[in-house]
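S.K.: Return a 3D structure for these sequence lines:
(2 chains)
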Amino acid sequence: MNNSHTIQNIILLLNKFWNNHGCILMNPYDVETGAGTMNPMTTLRTIGPEEWNVAYVEPSRRPADGRYGENPNRLYQHHQYQVIMKPSPDDVEELYLASLEAIGINLLEHDIRFVEDNWEAPTLGAWGLGWEIWLDGMEVTQFTYFQQVGGIECQPVSAELTYGIERIASYLQDIDDVFDLEYTNGITYSSIFKQPEFEHSKYTFEVADTEMMIRWFNDYEKEGERALAEKLVFPAYDYVLKCSHTFNQLDAAGAISVSARASYIGRVRKLFQKIATLFLSERCKLSFPLMTDRKSAQEWVEKLTLEN
Amino acid sequence: MNTYLLEIGLEEMPAHMILPAVEQLKSLAKKTCEEYQLSFNDIRTFSTPRRLAVQLHGLPQKQADRKIELKGPPATIAKDSKNNWSKAAKGFALKNGVSVDNLEIREFDGKDYLFVEYKELGKTVPELLQAEVEQWISKLNFTKNMRWGYYKMRFIRPIRWIVSLWNEEVLPVKIEMAEGWNETKGHRFLSSGKSVIKKAKEYEKQMKSLKVIVDFEKRRESILSQILKMEQKYDFKVELEDKLLTEVTNLVEWPTILLGDFEKEFLELPSEVLVTSMAVHQRYFPVFHKKEDKKSGRGDLMPHFVTVRNGDDKGIEIVKRGNEKVLRARLSDARFFYYDDQKKELTDFQTKAKNVVFFHERGSQAQRVKRIAELSVYIAQTLDLSKTQLKHVQRIAEVSKFDLGTRMIAEFPELQGVMGGNYAQLKNENTLVCNGIREHYFPRNSKDSLPQNLETVSVAIADKMDLLNTAFSLDMIPKGAADPFGLRRTAQGIIQLILGTEISLDLYDLTSESIRLLDEQQKLTLDRSKLQQKELEFLFQRQRWYMQQRHIRYDLIEAVLKSRPSVSLEYKASPIEQLKLAEFLEKHLETDIFKRSVEAIVRASNISYKYPNKIAKTVEKSALMLKQEKDFFTSLGDILNPDQQSLWNPENYLKKLYSIEPVVTSFFEDVMVMDKDPVKCGNRLWLCSQLAKWSRQYLDLRDIVFS
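M.R.: This is a model prediction of the structure:
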């Protein structure tokens, strides 16, 4: 085993790489998320004119993909490495490819393809265009230019890179079963995650009190609205995440019919769109402090104030 | 002779959009040449995932000079009293930038005018192109555009560089994020950095040295010849579906093929699962034994695949292993689902369907299946199918959707029907039923085949009709380009089924029955006639399309679509009879006798539709005094002969039309229809209206337009 290809080392190398390219290194969010995109460091920060370059690992919960730790490819919780570059730099593709080299992939010895894939997140009122990146036929990264978030046009546009860490590691370690991966030297993926995978799956499919969760969903939604009414963007957004995760649990447990599904998604989107709009206006009140070009910041403030 | 080259360098474009984009670029370039009367010997286009290019050969250096002649004010005000040029004349010369010496008087339309003639010098071509090329780029049109960075421009994918060369010189063009220069980028991995294109005409050759085959056809040829060699070496057959080959060609700049393998055990999976995993999910070409099976027309699948790598053969073993690993994971999943699904009975899936909502407020999937079954049997009865056939129809419909509840379909939705047929076979269902489950989705597009028997055709129509009806009942009617449920394709499928199998099925009856079933099952109290009207219009639209594909004249299509075969019914519409009538009449349309007949019928129609209240309820025979009236009455009796009336027969129609034409023509020549006497008038209108109604059973001749 080439121990430079452990999951831990891949993460370290990516951190080092993106640190060298001016990203803020952040941490996973402390509320359940279904993807790195859901972390407010992405959802909220890609809205509005402020520059923002960030990288972080996001343990992502997908209750419907839980397989009791028995499937070699499916996990209740997998790990994404998320990079946001806003505005998207002109050489963003080259940067991405350089990051693959940085984790030990010799580009000349592999087949790397950019295959069209358009991304849409109905719960976020968000969409973008981009690709799945294939490494010898395996999808290892989602690459998206955000066009809209929370129903708001992205200006400027962010580039989002989402690496599937387990997939890349299983490729580099030449392993077929995700549980056989080496997390760090001498520690397998299985020894850390097998038990939680089993328990979360059992909980999701057999134990979860879905009636109670439906109540939770309603309460989270209500509390989110209350926080919103007080103009508290980030607390309100936490309830979007709560709603979203609860919905995913319910959906996985088969407690939501096809038609009800659309209405749950619609409720989350509605709440989020209001939060997105509020985020923009609150940042505007602060004169977009993250913008380096202060003159342009002032123009944005004037423009947005006029529009309202 | 000069060559101009434009290359737009991009991030990877979606494969299916590349060829249409470069076609657009070509026609924009051609249009510029036409507009400025620039001759050229040849125009070539090049495209890869990362570039769109156009190359014009044999352009002149300069546009041809043009003689310009301009008319000015009348000669009467051109000279002053001393016979010198007047102020007006001087002004005219000044305005056109010529000296007064160039002014002359010429006659125009019988009067003298001031004229100026001068030669406009042609502009140089580079100068002209410079302004145009920016337009080419901004005019390229894509279905889905994006923005990137801070830029405002929308394009298919980010533009990263522009090469604009007039022979060996840079022709500066400028767009928001790039300036035309002479630097391109070669293959992403096999070349590095920027490279200068030295000569516009050597673009293709130079790109080849940068490991990019810029000509789509040559890339395709390269893949094909590599595959041919491999086929000869291993003595097998690689299935090259054209659409996949085009897509793959548009995913690479330097193709190198490789042969991958998978474990023989996976061959126990249905071949459709294997082919879908390879071709659809992974863009691999499946490999077959050369020896063909007589029934399927191809050999058995072999445990190999061919994939095209974007690069050369360095590390090709690693690439091969990686691809094999991905396919193995997919097939392992599929195999797990395949055996897991088989542990259940068909009834288990049918029970599950009760809890799956089809459309909000339109019941469950199980209820939908029940409606499909009832409508299928109704259609089959209309087609006079036997009792045994009806039993099969019932069974196909009942099990038509069970596979939607299987895990395999959750993972491979494109295999709906195929897996159903396969699983049903394993559960020892009748073969006809198994094929029916698979084929009731046919036709899935305008070129797809139709189900092989009328049992399945009945279910196929019922399935589509129920979807259309359910969506329409919720007012989900396609508008513009948006058609999320594929309802246009669905309606088209119904028309293709009816006309392709030449069955006599009335759209009025079909929609009416479908609406009744839904309304009663879901207790909806729908506005049935309004809903039906919308559905019929939608179906007619597709029928028009189908008939246009058969090259039937547009006016004739309109005319037959307005047929009313039975006088007693408000509306009736049987596509196959309408099609046959149109195809028959087409041959006679431009003959003199047909034209005269149309004129006669149209006159009768117009006048009787104009005065509906003056038409006699029944004819007053004693008041038919004139010979022309009597002849009309007698001839009408002949054509309305009740034995014949019920038969829809285009040849009979034409024969009768021709037989009554002279009588009607002479009637209109000699008889005044709108007589003061209400009895006479009523009688004459009655004759006209009967004739109009008779003809309208077939078509509305008022729509026919003669050339």
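S.K.: B:Asn83: how many residues sit nearby?
M.R.: 6 (other C-beta atoms under 10 Å in any protein chain shown). Every C-beta, even on glycine, is put in place using the N, C-alpha and C of the backbone.
S.K.: Let me know the secondary structure of it.
M.R.: Under DSSP: H, G, I helix; E, B strand; the rest coil, B:Asn83 falls in the coil class.
S.K.: Need the per-residue pLDDT for it.
M.R.: pLDDT recorded at B:Asn83 is 81.
S.K.: Roughly how far does it sit from B:Ser514?
M.R.: Distance of B:Asn83 to B:Ser514, given as C-beta to C-beta, to the nearest Å: 90 Å.
S.K.: Next, name the residue at the spatial heart of chain A.
M.R.: When C-alpha atoms, centre = their mean is applied to chain A, the residue found nearest the centroid is A:Gly36 (1.7 Å).
S.K.: got the contact list for that residue?
M.R.: For A:Gly36, the contacting residues are A:42, A:56-58, A:60, A:80-82, A:162, by C-beta atoms under 8 Å, 6 or more residues apart in numbering or on different chains.
S.K.: Okay, now the unreliable bits of chain A?
M.R.: When residues are selected by pLDDT under 70, those of chain A lie in A:1-3, A:257-259.
S.K.: at 50 what do you get?
M.R.: A:1-2 (pLDDT under 50).
S.K.: what residues go with each domain of it?
M.R.: Taking automatic domain parsing as the criterion, chain A consists of the domains A:3-204, A:209-307.
S.K.: Give me whichever of those is most buried.
M.R.: domain A:3-204 (a mean of 20; mean count of other C-beta atoms under 10 Å in any protein chain shown).
S.K.: Tell me the pLDDT of B:Lys352.
M.R.: Predicted confidence (pLDDT) for B:Lys352: 83.
S.K.: now swap in B:Met625 and tell me
M.R.: We have a pLDDT of 89 for B:Met625.
S.K.: Helix or strand: which one has it?
M.R.: Using DSSP states H and E, B:Met625 sits within no helix or strand.
S.K.: Number of residues surrounding it?
M.R.: B:Met625: 10 neighbours (other C-beta under 10 Å).
S.K.: got it, and B:Leu636?
M.R.: 19.
S.K.: so B:Lys152 sits in a strand?
M.R.: No - the assignment for B:Lys152, made by three-state DSSP, is coil rather than a strand.
S.K.: Is it correct that it is in contact with B:Glu176?
M.R.: Yes - with contact defined as C-beta atoms under 8 Å, B:Lys152 counts as touching B:Glu176 (6.6 Å).
S.K.: between the two, who's got more neighbours?
M.R.: More neighbours surround B:Glu176 than the other of B:Lys152 and B:Glu176, with 12 against 9 (other C-beta under 10 Å).
S.K.: Start from the N-terminal end of the stretch 101-250 of chain A and give the helices.
M.R.: Here the stretch 101-250 of chain A has its helices, by DSSP state H, counting those that start in this stretch, at A:165-172, A:189-202, A:210-229, A:233-252.
S.K.: In TSV, list the ones you listed along with distance to chain B.
M.R.: Compiled in TSV, the helices of the stretch 101-250 of chain A are given as follows (distance: least, C-beta to the nearest C-beta, whole Å):
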stretch	distance to chain B
helix A:165-172	7
helix A:189-202	16
helix A:210-229	14
helix A:233-252	13
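S.K.: Make JSON lines out of those helices and add distance to B:Lys401.
M.R.: JSON lines is the format used below for the helices of the stretch 101-250 of chain A (distance: least, C-beta to C-beta, whole Å):
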{"stretch": "helix A:165-172", "distance to B:Lys401": "34"}
{"stretch": "helix A:189-202", "distance to B:Lys401": "29"}
{"stretch": "helix A:210-229", "distance to B:Lys401": "27"}
{"stretch": "helix A:233-252", "distance to B:Lys401": "22"}
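S.K.: which SS class is the nearest residue to A:Glu50 once chain neighbours are set aside?
M.R.: Of all residues not flanking A:Glu50 in the chain, A:Leu290 sits nearest, at 3.8 Å (C-beta to C-beta, 6 or more residues apart in numbering or on different chains). Of the three states, A:Leu290 takes coil according to three-state DSSP.
S.K.: Confirm for me that A:Leu290 is in contact with A:Val54.
M.R.: No - the pair A:Leu290 / A:Val54 is not scored as a contact, 11.1 Å apart, by C-beta under 8 Å.
S.K.: By mean pLDDT, flag the weakest helix or strand of chain B.
M.R.: helix B:642-645 (a mean of 56; mean pLDDT, DSSP states H and E).
S.K.: could you point out which element follows that one?
M.R.: Following helix B:642-645 in sequence order, the next helix or strand is helix B:650-670 (DSSP H and E).
S.K.: Name the surrounding residues that touch that next one.
M.R.: Identification of contacts with helix B:650-670 by C-beta under 8 Å, 6+ apart yields B:580-581, B:584-585, B:588, B:593, B:596-597, B:599-601, B:603-604, B:626, B:628-629, B:631-632, B:635-636, B:638-639, B:644, B:687, B:691, B:695, B:698.
S.K.: try stretch A:116-125
M.R.: By C-beta under 8 Å, 6+ apart, stretch A:116-125 touches A:37-38, A:43, A:126-132, A:142, A:144, A:148-151, A:244, A:247, A:265, A:268-269, A:272-273, A:276, B:12-15, B:144.
S.K.: ok, now with 6 Å
M.R.: A:127-129, A:131-132, A:144, A:150-151, A:244, A:265, A:268-269, A:272-273, B:14 (C-beta atoms under 6 Å, 6 or more residues apart in numbering or on different chains).
S.K.: can you tell me which of these are in strands?
M.R.: Those of these mapping onto strands are A:127-129, A:131-132, A:144, per DSSP state E.
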